[in-house]
Structures are given as C-alpha cells and as structure tokens.
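[1] have a look; sequence and predicted model below, questions after that.
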Amino acid sequence: MTTVPPPPATLAPTALIDSDAPAVQAFAAEHARGATDRERAVALYLAVRDGFRYDPYRIDLSPRGMAASSVLANGYGWCVPKAALLTAACRAAGIPARMGFADVRNHLSTERMRETMKTDLFIWHGYADLWLDGAWRKATPAFNIELCERFGLLPLTFDGEHDSIYHPFDKSGQRHMEYVRQRGAFDDLPLAQIVADFQAVYGGWLDTGTTTSALHSASFDADVAREAVQ
C-alpha cells in the first residue's frame, strides 16, 4: 500500500499560519528538539501547550489577532491561535502540518462564559493536524498544564503516534468535552468562515461592530480560580 505524501501547502507559510515570521522561526529553532520528526513535534506541542496561557476571553478575530505569531507576542491564546502556532512552528521545523476543526460541547466553561454566550457549544474548536510517520495525527495544545491542575482537568498528552483530543470526562468523572461535529482539516486558517459563523451563532458575545469578544475585559484566570474553590 502506497502512502500519499502530504501536499506542499502543508509546509508553506500563509498570512495566518505565518511560519516564515522571524518570531515563529526562532521559536521552532529553540523548541524543535529531537532526532526524529515525532520527537520534535512532541517537543513543539509541549512548548505551545504549556508556554502560553489558554484564555478564551481575550479573543480577537482580526487577521492580526488570529495569526500564529500573535500568540508569541501576547503570551496567551485560545484554542484556534494556539493550534495555528503549533501548525506554523511545525512547518518552520520542516514537519507538514495543517489545522483541524470540530464543534464541541464544553460542560465545564465558566459561569460568565455561559451567561454571555448563551450556550455551551463551542463551534470551530481548533487543533493541529501533524504528518508523522506516514499518517496525520491530531494534536490539541489548548489547555496549559496549570489550568488543568486548577480546574481539575486531565491534561492532554501527545506522543506523536496517537491523536491528542479532549477527554470526555474530568478527573472527578464529570462530563467535560463532547465532540458533536467534525469540520475537517484545512491547509490555511478559514478566518472568514469562522467570523461569519461566530456572528451568526453567538451574536452578542462579540462586541457590536467588532470582532473582539465581549468578555475581553474580564479575567478568565480569576473566574477559574473562584469557581474552582466553590
């Protein structure tokens, strides 16, 4: 059986998966350690997962806010730009990579998020899809280890052989994440479609006339800390 190689686009930079940005190049050079693509991909996954805080309140859907390099500049990101950074860093390291998306039902979002979004359905959840040893492997670098420990979540691991996707239950056995729709894999980040769907589904969650989350001025970390002790 012949394995079809990944298309050249999965190694090429784009405006949003900006693997040619100097900051992304430097990040990949620093963290892509290992003798094989698998080892280097795992090292990059851990660097993105734990090196940048997950913050779903500070969402900026502008092209500048969604670029992979924005996570490096900000020090934080939500699932889509963090996945874009992992995708870009892998491309910069010579590992074919693309972005995957799914709709998930989040049973452990904060009270502020539930009240603002009016739903626990998160559309266009993003992850990276990495070409390793002749197959595509899903890698989800969204939740940093500190957040998992504070929120009682099982941290996601990635070994380069098996898919790394959200756990259905947390440490206590409560429902966590439920995948309700797979949207497929993309060589570039489909920003226009994400913005249109967010505006249609979430409405008032986005500030009027902008692409910035209405939660932007609140603190996700503070909400997590407060609810974790209740």
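    Structure received.
[2] distance of Arg98 from His176?
    Applying CB to CB, to the nearest Å, the value for Arg98 to His176 is 26 Å. Placement of C-beta: from N, CA and C, glycine included.
[3] neighbour-wise, which of these two wins?
    Arg98 (24 against 21; other CB atoms under 10 Å).
[4] least trustworthy helix or strand in this structure by mean pLDDT?
    helix 220-228 (a mean of 78; mean pLDDT, DSSP states H and E).
[5] and that one, what other elements does it pack with?
    helix 111-117, helix 145-151 (3 or more CB pairs under 8 Å, 6 or more residues apart in numbering; DSSP states H and E).
[6] same thing but at 7 Å, please
    helix 145-151 (3 or more CB pairs under 7 Å, 6 or more residues apart in numbering; DSSP states H and E).
[7] and the helix it packs on, which residues are buried?
    For helix 145-151, burial by neighbour count (16 or more other CB atoms under 10 Å) applies to Leu147, Cys148, Phe151.
[8] which other residues reach the lengthiest strand in the chain?
    When the chain is parsed with DSSP state E, its longest strand is strand 121-132. For strand 121-132, contacts defined as CB atoms under 7 Å, 6 or more residues apart in numbering pick out 6, 10, 37-38, 41, 79-80, 83, 86-87, 90, 95-106, 136-141, 160, 183, 185, 194, 197, 201.
[9] just give the nearest non-adjacent residue to the residue nearest the centre of the chain, would you?
    Among the residues of the chain, the one closest to the centroid is Cys79, at 2.7 Å (CA atoms, centre = their mean). Among residues not flanking Cys79 along the chain, Ala142 sits closest, at 4.0 Å (CB to CB, 6 or more residues apart in numbering).
[10] ok, now Leu16?
    Leu189 (4.2 Å).
[11] now list the buried members of the contacts of strand 121-132.
    6, 10, 37-38, 41, 79-80, 83, 86-87, 90, 95-106, 136-141, 160, 183, 194, 201.
[12] go through those and flag which are in strands.
    Assignment to strands by DSSP E places the following of the buried ones among the contacts of strand 121-132 there: 97-106, 136-139, 183.
[13] how about these, which pair is most distant?
    By the measure CB to CB, Ala97 and Arg105 form the most distant pair in these, at 26.5 Å.
[14] ok so, going back, from His125, how far out is the residue nearest to Cys79?
    8 Å.
[15] which residues are in contact with both of these two?
    In contact with both Ala142 and His125: Cys79, using CB under 7 Å, 6+ apart.
[16] ok, Gln193 - how many residues close by?
    13.
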